[in-house]
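> Below is the sequence, then the predicted model.
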Amino acid sequence: MASPRLECIDIGSDYCPCYLAELNECIVCSQLQGKKFCDCNWKGVCVFQEFVWAKGKAKAKRDTMVSNIIDKQKINENLFILTLSVPNKMARDLNEPGSYVFLRNELSPSFFDTPMSIMYADEINGFVKVAIQINGPKTSLIDLSEKRVCIRGPYWNGLFGHKYIKGLKNSKCLVVLRGIAQAPGVIVINKLYRNNNKITVIIDKGKTGQFFISQYLDQLNLNIITTDILSAEGQEILKNAIADNDLKLIYSGGSDEQHLNIFNYMDLYNNEAYLAVSNNNTICCGEGICGSCEVQIDGQKVRSCKVQLDVEKAIERRILYG
């Protein structure tokens with residue numbers, strides 16, 4: 001049986017073809033996988049032709065740059081929000097669901113890079129906001145940064161189900177956010193809102209202890225519910241929200257256990273809605289090179305930092321089969 005076709009998040013962007021093309025390991029192009037024929041399903045500009053035009057090299061690379069810290073907002077002892085200056089084009093590129101960057105303290109070596117989801121991007125004024133929860137040496141050193149940090153991006157595969165979020169219009173949807181996963185939920189909600197969707201948002205403060213995105217949602221007409229979704233009351237709220245037959249999309253921002261919880265309720269009460277989820281796989285390089293994010297699905301090794309996985313299979317792989 002042939003392996004299923006994979007969708008690369010970078011295809012058609014400024015960063016395609018990438019380093020994988022140089023190594024004959026392109027995710028989409030059969031000819032850049034070492035085959036002698038074209039067998040892709042890409043409808044844009046031919047990736048192989050782009051590679052030829054680039055003289056057999058990656059088209060562009062994401063360079064690390066130094067970013068000025070415009071503002072630092074301390075939410076509590078373990079959570080803070082950085083406002084960082086970036087080029088306007090980068091801010092525009094990062095104003096998409098699932099976008100993230102790699103950050104590190106300016107004085108730290110490159111292996112301190114850690115992926116951080118974008119919470120807000122202003123392409124006019126050239127800045128982005130990231131919410132950072134301190135949980136180890138990398139984030140602790142970022143917290144010590146006073147004037148500048150090193151930043152690398154843009155990257156976009158911070159969630160699975162891009163096509164559902166970008167394509168849904170004039171419909172009813174549910175967004176469930178817990179803990180630090182509130183941060184990337186802001187851009188998801190804004191994208192759905194701009195497409196004239198009616199949105200219910202369930203917020204669980206989680207380990208952050210804060211509903212820290214409230215100021216970014218105040219101007220939107222949303223139905224916001226705050227609860228502990230792990231409690232009996234929270235589970236009842238979640239179940240009833242999912243059981244709405246008019247619901248067309250559910251986005252889960254949180255742990256894999258949360259994804260599975262929602263997936264099971266959908267299986268029981270609403271198997272017609274689409275499901276999109278946060279990407280919780282380990283991401284180290286973001287370029288599909290190091291293998292940290294690699295998962296095996298249907299016997300096929302998949303680089304989850306670049307590939308848009310089938311949500312159901314992603315949940316099964318992470319939760320049911322470990």
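Nice, thanks for sending it over.
> Same question for stretch 161-179: list its buried residues.
Within stretch 161-179, the residues scored as buried using 16 or more other C-beta atoms under 10 Å are 161-162, 164-165, 168, 171-179. Yep, even glycine has a C-beta here, placed from its N, CA and C like the rest.
> Stretch 50-58 too?
Buried, per 16+ other C-beta under 10 Å, within stretch 50-58: 50-51, 58.
> who touches it?
Stretch 50-58 has contacts (C-beta atoms under 8 Å, 6 or more residues apart in numbering) with 15-19, 21-22, 29, 32, 59.
> For PyMOL, write the selection for the buried entries among the residues you listed.
Paste this into PyMOL to select the buried members of the contacts of stretch 50-58, with burial taken from 16+ other C-beta under 10 Å:
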select buried, resi 15+16+17+18+19+21+29+32+59
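> wait, which of the contacts of stretch 50-58 is closest to Val101?
Tyr15 (13.6 Å; C-beta to C-beta).
> isn't the closest one right up against Arg62?
Yes - counting by C-beta atoms under 8 Å, Arg62 is a contact partner of Tyr15 at 6.6 Å.
> Would you map the helices across the stretch 51-200 of the chain?
88-94, 137-144, 162-167, 182-194 (DSSP state H, counting those that start in this stretch).
> So which of the ones you listed is the most surrounded?
Of all the helices of the stretch 51-200 of the chain, helix 182-194 carries the top mean neighbour count, a mean of 23, counting by mean count of other C-beta atoms under 10 Å.
> quick one: contacts of it?
Outside of helix 182-194, the residues that reach it under the criterion C-beta under 8 Å, 6+ apart are 95-100, 117-121, 130-131, 158-159, 165-166, 168, 173, 175, 177, 199, 201, 203, 208, 211-213, 216-217, 220-222, 249, 251, 253, 276, 278.
> mean confidence for that helix?
Helix 182-194 comes out with an average pLDDT of 98.
> export it as CSV, just CAs?
Extracted in CSV, the C-alpha atoms of helix 182-194 (Å, rounded to 0.1, in the frame of the first residue of the first chain):
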residue,chain,number,x,y,z
GLN,A,182,-4.1,30.3,25.9
ALA,A,183,-1.4,32.3,24.1
PRO,A,184,-1.5,30.8,20.6
GLY,A,185,-5.3,30.7,20.9
VAL,A,186,-5.5,34.4,20.5
ILE,A,187,-4.5,34.3,16.8
VAL,A,188,-6.7,31.3,16.2
ILE,A,189,-9.7,33.2,17.7
ASN,A,190,-9.0,36.3,15.7
LYS,A,191,-8.7,34.3,12.5
LEU,A,192,-12.1,32.6,13.1
TYR,A,193,-13.6,35.9,14.1
ARG,A,194,-12.5,37.7,10.9
